[in-house]
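Asker: Could you look at this predicted model? Sequence included:
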2 protein chains.
Amino acid sequence: MNDTSSKASASPAEPKGKRPPVLVDGVTLNGPTLDIREAESFLRDAMPIIMEEAVWKATDVKEKVCEWRSPEQLKDLLDLELREGGEAHPQILQRCRDAIRYSVKTGHPRFFNQLYAGMDPYSLVGRFITEAINPSLYTYEVAPVFLLTEEAVLQKMIEIIGWQEGGDGIFSPGGSVSNMYAVNVARYHHCPDVKVLGLSALPRLVMFTSQECHYSVAKAAAFLGIGTNNVYVIPSDKRGKMIPAEFEKQVQRAKDEGALPFMVNATAGTTVLGAFDPLEEIADICERHNLWMHVDACWGGGALMSKKHRYLLQGIHRANSVAWNPHKMLMAGLQCCAFMVRDKTNLLQRCHSAQASYLFQQDKFYDVSYDTGDKSIQCSRKPDAFKFWLMWKAIGTKALVYIVAPVVKERMMKKGSMMVGYQPHGDKANFFRQIIISPQVSREDMDFLLDQIHSLGMDL
Amino acid sequence: MNDTSSKASASPAEPKGKRPPVLVDGVTLNGPTLDIREAESFLRDAMPIIMEEAVWKATDVKEKVCEWRSPEQLKDLLDLELREGGEAHPQILQRCRDAIRYSVKTGHPRFFNQLYAGMDPYSLVGRFITEAINPSLYTYEVAPVFLLTEEAVLQKMIEIIGWQEGGDGIFSPGGSVSNMYAVNVARYHHCPDVKVLGLSALPRLVMFTSQECHYSVAKAAAFLGIGTNNVYVIPSDKRGKMIPAEFEKQVQRAKDEGALPFMVNATAGTTVLGAFDPLEEIADICERHNLWMHVDACWGGGALMSKKHRYLLQGIHRANSVAWNPHKMLMAGLQCCAFMVRDKTNLLQRCHSAQASYLFQQDKFYDVSYDTGDKSIQCSRKPDAFKFWLMWKAIGTKALVYIVAPVVKERMMKKGSMMVGYQPHGDKANFFRQIIISPQVSREDMDFLLDQIHSLGMDL
């Protein structure tokens, strides 16, 4: 080790006598391994650096969004190699500074990423708390606060969706995974045997989505064994909205082929154009053909908070499931992704449970309906709802609406329904140039510009 | 709002003039939404609470592991409801204190959860940094530091597994998801058409696992459309290890039935008994029958760090894929879950890619092989490797080995290969009683005791 004095403290061979160590074959049992108190000075030194560099400077418009380095340069700067010996605290503190310095500051006011940005202080405090507590959401007994706050947030979101009789839900590690949940519950709803027998015992299942949907729909179809060919793609209009008549044509095509159409993915806030599919008309078609209606509102769900803008999602209360990510428009911090179903018959549990006897005993001394872990496809699961709950408590629904309004407006200006009016604006060329020249470039900015150029080119 | 003075700062309607606001239809565009600087006092007040309550006290053996409250009591205490108005800072600070107080302290020395526990200060600092920076790992340009550190950690873990020619990998949100990755790459390896055509176009696929495997294997089979009936369960011996001869019998059975056997899930460190399946013998059978060999080393992978204990995983270098969670035995903090493949032909990318043109352009100004996002089933993805990288840099490989040694030893004493010698120890009755009486009870402790009683009962 480079610096034994700072590292000796991390050795489990030197427990400080809190509990008598049990020695077996020369190995300490039940002794502390790494003792956080013995590294107290490191934590006390590191926290001001985090606050100064990763919070205050990272959100200061006068500071850089990012210091660009090529992969080769950055590898040298970071000294990535993991060695036998550890490093002294001053060196690790410098590594913290470097990691922050060369990272893109997503909370910076000039980080114009369209899908998430900004830093909410209440959410950040919530995240620091959960990282320190390090819980996993299997059962009430092991994560009481985080399961209850998750339930409270889900109930409120379900209320806002407009499911007056309630529903069920779970937070997932990303909108892509939420969309996968949708595919799985939709097919289970149609064919409960799929869980046990698998798809090889069923007719060919077909799902529908618009050409403007997020790429996670294709990933879900591949991952869940549906196959990307069995995702029938519905044309969108010029503004990026699914064309309902084309949807019904595709349903008919699947039926004519002898396949089993089972769900549609409607998008509320498409990735590229920010368009909202016409949910009422899609719901009508779903009712006619007995299809599960899922709404990918990962991006656009935030508009539900606003009385002025929720008309964009008119009809969402008729959906069977909704994916909505508060980490996007509502700034709750990555990740914060709710998957919700209108079902009240414990569908999530029935579809995903494995009933592990070592975890989900049914004879506990409290109401086991709070043990929601078996609704999930995960085992360990992070408490992603808590930060949003804390933020919501702090600023209230009214201020959440405030957050949403300018974002929706801006989005509508740039993309979606107002895109045509927007494109002739000459100032966007400057914006484009800035991105190419400056190291303060975000992925989405570049994408947006490329999309714009692509669209403009097609119109020529 | 209860306290307008503290909340006015959160309003986007009052930008502090850093950038000239653009007004469209009375809505501010491009203005700050929540401005973190305007809530500076809140953050400055909250941080000492987090450090005192969620870090120092939460790891202090003299403090409680948890203050148990029933769901009904806790709902009242937390005041879960989300209202129109926000709350004043003192009230939110009290909510932070309450959330910490009524949470189970997983870093507490008396939290005897067998699968993760403890708090590593370097990892914690890494996690605070990434929560503040709030990155998502799609592409190099948006997360340079976190993609490079992920790559460095994966390369080192691959080296430790013993894949001398390298491999590939990705961090996932949990061992369950890693095992799902394994099922998907295994079947894609056998039938690349599955991605496009789906399972309905293929013969019935059959996979194998031992009766002692983690329940996520069944969840994976259900979620990926294989069906739980097509997971053929192999008997384990008394110590919990898969019986190789029984494995080969099951393979033959699947073949006789006309099904297509494609993979085995071997477990290195089973959930209940801590047993290690015999990997060399399993690898021999996989070679004879052309099966993908996946090792679920989520728990037991840590033993690879120890020269003394890595014999438990003898043969893991012959596996096609490995799941290994440093958040368990190596204390890196939830979540930290690596999924790795021995393949060097870009299998992860080919199997999972959707080639979203708005994200993964091929004509960038840097080497796009660093844009690893399309290897993932996720879109947004957290930088779970960074905390482990920072911790590893700080303490070095030698100290990581030190962390592992007592854990493995304790585990072997209590369970797995040394279980028979252990069970007659009379002191476990006291341990059992303590768990039932005390509110300081962890899920795993109770499970362990129940398992013990079950095993003892069977031996009578």
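Answerer: Arrived safely. Computed from a predicted structure; not experimentally measured.
Asker: which residues touch the residue nearest to residue A:58 when sequence neighbours are not counted?
Answerer: In space, residue A:58 comes closest to residue A:105 once its chain neighbours are excluded; the distance is 4.1 Å by C-beta to C-beta, 6 or more residues apart in numbering or on different chains. Every C-beta, even on glycine, is put in place using the N, C-alpha and C of the backbone. By C-beta atoms under 8 Å, 6 or more residues apart in numbering or on different chains, residue A:105 lies in contact with A:58, A:59, A:63, A:64, A:65, A:66, A:111, B:133.
Asker: looking at it, the fifth one is touching residue A:104, isn't it?
Answerer: Yes - the pair residue A:65 / residue A:104 is scored as a contact, 6.3 Å apart, by C-beta atoms under 8 Å.
Asker: Neighbour count: those two, which is higher?
Answerer: A direct count of neighbours by other C-beta atoms under 10 Å in any protein chain shown for residue A:65 and residue A:104 places residue A:104 higher, at 29 against 22.
Asker: residues touching the closest residue in space to residue A:329 that isn't next to it in sequence, list them.
Answerer: Excluding the flanking residues, the one nearest residue A:329 by C-beta to C-beta, 6+ apart is residue A:302, at 2.8 Å. Going by C-beta under 8 Å, 6+ apart, residue A:302 touches A:324, A:326, A:328, A:329, A:330, A:403, A:404, A:407, A:408.
Asker: So the closest residue to the first one other than its chain neighbours versus chain B, what's the distance?
Answerer: In other words, residue A:324. Sequence neighbours aside, residue A:301 is the residue nearest to residue A:324 in space, at 3.2 Å (criterion: C-beta to C-beta, 6+ apart). Here residue A:301 is placed at a distance of 15 Å from chain B (C-beta to the nearest C-beta, to the nearest Å).
Asker: what's around residue A:301, how many residues?
Answerer: 30.
Asker: That one contacts residue A:267, doesn't it?
Answerer: No - in this structure, residue A:301 is not within contact of residue A:267 by C-beta under 8 Å, at 10.9 Å.
Asker: for residue A:137, phi and psi?
Answerer: phi -90, psi 70 (degrees, to the nearest 10).
Asker: circling back: helix, strand or coil for the residue nearest to residue A:58?
Answerer: coil (DSSP: H, G, I helix; E, B strand; the rest coil).
Asker: what's the pLDDT at it?
Answerer: Per-residue confidence at residue A:105 stands at 89 (pLDDT).
Asker: Equivalent analysis for the one 3 residues further on, please.
Answerer: On pLDDT, residue A:108 comes in at 80.
Asker: do residue A:310 as well
Answerer: Looking at residue A:310, the pLDDT reads 94.
Asker: count of neighbours near it?
Answerer: Residue A:310: 20 neighbours (other C-beta under 10 Å).
Asker: What separation do you get for the nearest residue to it once chain neighbours are set aside and residue A:159?
Answerer: Nearest residue to residue A:310, sequence neighbours excluded (C-beta to C-beta, 6+ apart): residue A:304, at 5.0 Å. Going from residue A:304 to residue A:159 by C-beta to C-beta, to the nearest Å gives 10 Å.
Asker: who's more crowded, the two?
Answerer: Using other C-beta under 10 Å, the more surrounded residue of residue A:304 and residue A:159 is residue A:304, with 23 against 13.
Asker: surely the more buried one meets residue A:297?
Answerer: Yes - counting by C-beta under 8 Å, residue A:297 is a contact partner of residue A:304 at 7.5 Å.
Asker: Mind listing the strands the longest strand seen in chain A pairs with, and their directions?
Answerer: The longest strand of chain A (DSSP state E) is strand A:260-267. The strands beside strand A:260-267 in its sheet (DSSP bridges) come out as strand A:205-210 (parallel), strand A:292-296 (parallel).
Asker: If you count neighbours, what's buried in it?
Answerer: Counting neighbours by 16 or more other C-beta atoms under 10 Å in any protein chain shown, one finds that the buried residues in strand A:260-267 are A:260, A:261, A:262, A:263, A:264, A:265, A:266, A:267.
Asker: Could you do stretch A:368-378 as well?
Answerer: Going by 16+ other C-beta under 10 Å, stretch A:368-378 has these buried residues: A:368, A:370, A:371, A:372, A:373, A:374, A:375, A:376, A:377, A:378.
Asker: how far does that stretch stretch from start to finish?
Answerer: Length of stretch A:368-378, first residue to last, C-alpha to C-alpha, to the nearest Å: 18 Å.
Asker: and it, average pLDDT?
Answerer: Mean predicted confidence for stretch A:368-378 is 89.
Asker: likewise stretch A:155-175?
Answerer: Here stretch A:155-175 scores 97 as its mean pLDDT.
Asker: okay, how far is it across it, tip to tip?
Answerer: 19 Å.
Asker: hmm, that stretch in reach of chain B?
Answerer: Yes - counting by C-beta under 8 Å from any C-beta of the partner chain, chain B has neighbours in stretch A:155-175: A:156, A:173, A:174, A:175.
Asker: What are the phi and psi values at residue A:321?
Answerer: Note on residue A:321: its backbone torsions stand at phi -150, psi 150 [degrees, to the nearest 10].
Asker: touching chain B at all, the top helix by length along chain A?
Answerer: If you go by DSSP state H, chain A has its longest helix at helix A:384-414. Yes - using C-beta under 8 Å from any C-beta, helix A:384-414 reaches chain B at A:386, A:389-390, A:392-399, A:402-403, A:405-407, A:409-410, A:413.
Asker: I'd like to know the average pLDDT value across that helix.
Answerer: Helix A:384-414 comes out at a mean pLDDT of 83.
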